[in-house]
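Asks: Predicted model and sequence follow; I will ask about them next.
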Amino acid sequence: MRWDENLTYEGNHLFDFEHAACALPYADVFFTERQLKHLVTQNQLKLDQLYSCKVVAKAKEALACLKKLS
């Protein structure tokens, strides 16, 4: 988050980071909002690649992922 100078920290960001930290190492897909997707997939972190977890922020993408599971 510190790399993105345009992002203003808000208190609820801490909960978002905790959710991502708990989900990414164990899940195949992580559904979240656009801003958190940007943070965890940016070049400095690449947490999606590190944990082989697809990060999805768009509803249509999420629906497509869920349809593949069924």
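Replies: Looks like it came in fine. Here the structure is a predicted model, which means the values were calculated and not measured. Numbers count the residues shown, from 1 in each chain.
Asks: and Cys22, how far is that from Phe15?
Replies: 11 Å (C-beta to C-beta, to the nearest Å). C-beta: built from backbone N, CA, C; applies to glycine.
Asks: Quick one: low-confidence residue ranges for this structure.
Replies: 1-4 (pLDDT under 70).
Asks: Do a quick rundown of the strands in it.
Replies: 29-31, 54-56 (DSSP state E).
Asks: tell me, what's touching Cys22 and Phe15 both at once?
Replies: By C-beta atoms under 8 Å, 6 or more residues apart in numbering, Cys22 and Phe15 have no common neighbours.
Asks: Next, the contact list for Phe30, please.
Replies: Ala20, Ala23, Leu24, Val40, Asp48, Cys53, Lys54, Val55, Val56.
Asks: Any chance of the residues you listed in CSV with distance to Arg34 and neighbour count as columns?
Replies: Below are those laid out as CSV (distance: C-beta to C-beta, whole Å; neighbours: other C-beta atoms under 10 Å):
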residue, distance to Arg34, neighbour count
Ala20, 13, 23
Ala23, 16, 17
Leu24, 16, 18
Val40, 11, 22
Asp48, 14, 19
Cys53, 17, 20
Lys54, 15, 13
Val55, 10, 23
Val56, 10, 19
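Asks: Check the gap between the residue most central in space within the chain and Val29 for me.
Replies: For the chain, Lys37 is the residue whose C-alpha lies nearest the centre (C-alpha atoms, centre = their mean; 3.6 Å). Separation of Lys37 from Val29 (C-beta to C-beta) stands at 12 Å.
Asks: Find residues that contact each of these two.
Replies: Joint contacts of Lys37 and Val29 (C-beta under 8 Å, 6+ apart) are Val55, Val56.
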